[in-house]
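Undergrad: Structure for this input, please:
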Amino acid sequence: MRRLRQLAERTPAGRERYVDLLRALAITMVVLGHWSIAVIGHDRSGRPTGHSALGDLPWAWPLTWVAQVMPVFFLVGGYANAASLTARRHRLRQLQLGASDAAPRPGAVDGHATGWLVDRSARLVRPTTALLVVLAVGAAVATGRHADPVQVRTVVWFATIPLWFLVAYLVVVPLTPPMYALHRRFGLAVPAVLLGLVALGDLGRLLGPAGLATGNYLFGWLAIHQLGFAWYDARSPDLPRRRRLPLSRRAGALLVAGGLAALVLLTLVGPYPVVMLNVPGTRLDNAAPPSVALLAAATAQLGLILLLRAPAERWLRRSRPWQAVIAVNAVVLTVFLWHLTAAVLLVGLLDALGVLPTPRVGSPAWWAWRIPWVLALAVVLAALVAVFGPIEARSRRHPAGAVAARPLRTALAVLGYAGIVAGLLLNSLTRKVAPEPLGLPAPALAAYLAGAGVLRLLRSGWGSRGSPRRAGDRASGS
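TA: Sure, this is the predicted structure:
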């Protein structure tokens, strides 16, 4: 509590605390949503299994217009990435100007992108690596004790469901420098163009060829990420209006009205399903890949965010609420990554004890079980966060310093990210019933660990003229 109080007191006056609150709320809603709609049962062999209750509760589908909060995470991710990239650029420029009275050479500050990317990787990769290593070791132990490799894969597959989102975000992060440059040039026209590309992809899904929609996995999330850039630039009233997101309540009301109107037309009149999450049997999946309907929902969510911004900012000026937001954000990725592992562990424990409740979805017993189920999962997750949360917290406290950019470092940084994305993507595409002794496909695990290792090597300062700290010291003339 003392450290939280100190962090709260040291918060810069200009910090947009609302962004941190939204990140914490988005992840909390994802966790509670997954837990609340879980249906636990047994397969034909008597083993525990689970699925989403949404397919059995069509009346709840409109609730997903709010419950589908991945757009919120990409929105605040765009804001945070623009803020950190701009801060790093400013810091390097100050270091270079301090090292010499002469004006910096053209392109001398361009090296910020590689260093920023390597620094950013620690906050995402370290907590993810901890999850994958623990799951792989646990799976290897289970396989060594003669567990069925198919069952081992099924368990790990459930635990790694959150990684599908991380794949998309890990693609968006390396694109931040060039996409922010496009934003500085063309402003809100960039997400408008990306929206058009998403619409073209949807047309392919509806009329063919379906492969035309593959790009929506990138274009949809990038469009929302770009709006985060516009939100960050709204802090500077001297910038052109095309680069700034209007933050007034009037703008919020217009976005809510426009987003909801478009959403109703697209889902009730048009060809899109009402539900914004995956439900087998629907005409198409609004989230995988993102559809125009999902972007309409994101527009309405953005409007609601703007309407609540002023009262939320006033509330966050109070010490206790802000300390709570700081505490959650310190381990927010750990909470997200481990919340389904907590469910797997609790189901396994209750089943082993012979006390696993399996009420029929929608029955009074199923609804009554929601509260003790979520509370029990919260206890298990709290224990996991206590063990693995410090890994994420350390990643946030030790950013990389200023390093000299070299073509080899840039290439390795790109390859490192590519290895991580390839590994996570291969795991997501591998069937849950594939016989995998390590729970994860061996090539996927190898690609991920190789990519993570390369980024770890770069964070240590390899490939620069010295360690990150020494590079910064030389630039400052010390």
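Undergrad: what's near enough to touch residue 174?
TA: For residue 174, the contacting residues are 117, 413-414, 417, by C-beta atoms under 8 Å, 6 or more residues apart in numbering. Just so you know, the C-beta spots here come from the backbone N, C-alpha and C atoms, and that holds for glycine as well.
Undergrad: show me what contacts the residue nearest to residue 42 when sequence neighbours are not counted?
TA: Of all residues not flanking residue 42 in the chain, residue 48 sits nearest, at 6.0 Å (C-beta to C-beta, 6 or more residues apart in numbering). Counting by C-beta under 8 Å, 6+ apart, residue 48 touches 40-42, 347-348, 351, 356.
Undergrad: got it, and residue 288?
TA: 164, 217, 278.
Undergrad: As a check, name the ranges of all helices in the stretch 301-450 of the chain.
TA: Here the stretch 301-450 of the chain has its helices, by DSSP state H, counting those that start in this stretch, at 319-330, 332-352, 364-397, 407-429, 442-459.
Undergrad: For residue 90, which of the ones you listed is the nearest?
TA: Nearest of the helices of the stretch 301-450 of the chain to residue 90, taken as C-beta to C-beta: helix 364-397 at 19.7 Å.
Undergrad: Output the contacting helices and strands for the closest one.
TA: helix 17-36, helix 112-144, helix 319-330, helix 332-352 (3 or more C-beta pairs under 8 Å, 6 or more residues apart in numbering; DSSP states H and E).
Undergrad: now the last one against helix 112-144, angle please.
TA: Meaning helix 332-352. With axes from the mean of the first three to the mean of the last three C-alpha atoms, to 10 degrees defining the directions, helix 332-352 sits at 10 degrees from helix 112-144.
Undergrad: Then the shortest one?
TA: Counting by the same axes, to 10 degrees, helix 319-330 lies at 70 degrees to helix 112-144.
Undergrad: follow-up on the earlier one: which one of the contacts of residue 48 sits in the busiest neighbourhood?
TA: Comparing the contacts of residue 48 by number of neighbours (other C-beta atoms under 10 Å), residue 40 comes first, having 21 neighbours.
Undergrad: burial of the residue nearest to that one when sequence neighbours are not counted, as a residue count?
TA: Nearest residue to residue 40, sequence neighbours excluded (C-beta to C-beta, 6+ apart): residue 50, at 5.0 Å. Residues near residue 50, counting by other C-beta under 10 Å, number 15.
Undergrad: same check, this time on residue 30
TA: 21.
Undergrad: related to what we said a few turns ago, of all the contacts of residue 48, which comes closest to residue 253?
TA: Within the contacts of residue 48, the smallest distance to residue 253 is 41.8 Å, found for residue 40 (C-beta to C-beta).
Undergrad: and that closest one, which of the three is it?
TA: strand (DSSP: H, G, I helix; E, B strand; the rest coil).
Undergrad: So it sits against residue 53, correct?
TA: No: counting by C-beta atoms under 8 Å, residue 40 sits too far from residue 53 to count as a contact (10.3 Å).
Undergrad: just the buried members of the contacts of residue 174?
TA: Buried residues within the contacts of residue 174, counting neighbours by 16 or more other C-beta atoms under 10 Å: 117, 413, 417.
Undergrad: Which of those residues sits closest to residue 172?
TA: Using C-beta to C-beta, residue 417 comes nearest to residue 172 of those, at 10.9 Å.
Undergrad: need the contact list for the closest one.
TA: Residue 417 is in contact with 117, 121, 170, 173-174, 451, 455, counting by C-beta under 8 Å, 6+ apart.
Undergrad: what's the pLDDT at it?
TA: Per-residue pLDDT puts residue 417 at 93.
Undergrad: Dump stretch 13-22 to PDB, restricted to CA.
TA: Output of stretch 13-22 as PDB, limited to C-alpha atoms (Å, rounded to 0.1, in the frame of the first residue of the first chain):
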ATOM      1  CA  ALA A  13      -0.300  16.100 -13.500                       C
ATOM      2  CA  GLY A  14      -0.800  15.800 -17.300                       C
ATOM      3  CA  ARG A  15      -1.300  12.000 -17.300                       C
ATOM      4  CA  GLU A  16      -4.500  10.800 -18.900                       C
ATOM      5  CA  ARG A  17      -5.500   8.600 -16.000                       C
ATOM      6  CA  TYR A  18      -8.700   7.600 -17.800                       C
ATOM      7  CA  VAL A  19      -6.700   5.600 -20.300                       C
ATOM      8  CA  ASP A  20      -5.300   3.500 -17.500                       C
ATOM      9  CA  LEU A  21      -8.800   3.000 -16.000                       C
ATOM     10  CA  LEU A  22     -10.100   1.800 -19.400                       C
END
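Undergrad: next one: it to chain centre, how far?
TA: 18 Å (C-alpha atoms, centre = their mean, to the nearest Å).
Undergrad: likewise stretch 289-302?
TA: Between the centre of stretch 289-302 and the centre of its chain there are 16 Å (C-alpha atoms, centre = their mean).
Undergrad: quick one: low-confidence ranges for the stretch 301-450 of the chain?
TA: For the stretch 301-450 of the chain, the stretches flagged by pLDDT under 70 are 395-405.
Undergrad: what's next to stretch 377-394, contact-wise?
TA: 31, 35, 123, 126-127, 130-131, 134, 330-335, 338-339, 341-343, 345-346.
Undergrad: how about the residue lying closest to residue 55 once chain neighbours are set aside, what does it touch?
TA: Of all residues not flanking residue 55 in the chain, residue 279 sits nearest, at 5.0 Å (C-beta to C-beta, 6+ apart). Residue 279 makes contact with 52, 54-55, 61, 273 under the criterion C-beta under 8 Å, 6+ apart.
Undergrad: and of those, the nearest to residue 444?
TA: Distance to residue 444 across the contacts of residue 279 (C-beta to C-beta) is lowest for residue 52, with 24.3 Å.
Undergrad: Excluding sequence neighbours, find me the nearest residue to that closest one.
TA: Nearest non-adjacent residue to residue 52 (C-beta to C-beta, 6+ apart): residue 37, at 5.2 Å.
Undergrad: Am I right that the one you found is in contact with residue 51?
TA: No: using C-beta under 8 Å, residue 37 makes no contact with residue 51, being 9.2 Å away.
Undergrad: So the two - more neighbours on which side?
TA: The neighbour comparison of residue 37 against residue 51 (other C-beta under 10 Å) goes to residue 37, with 20 against 14.
Undergrad: Could you give the backbone dihedrals for the more buried one?
TA: Phi and psi for residue 37, reported as degrees, to the nearest 10, are phi -90, psi 10.
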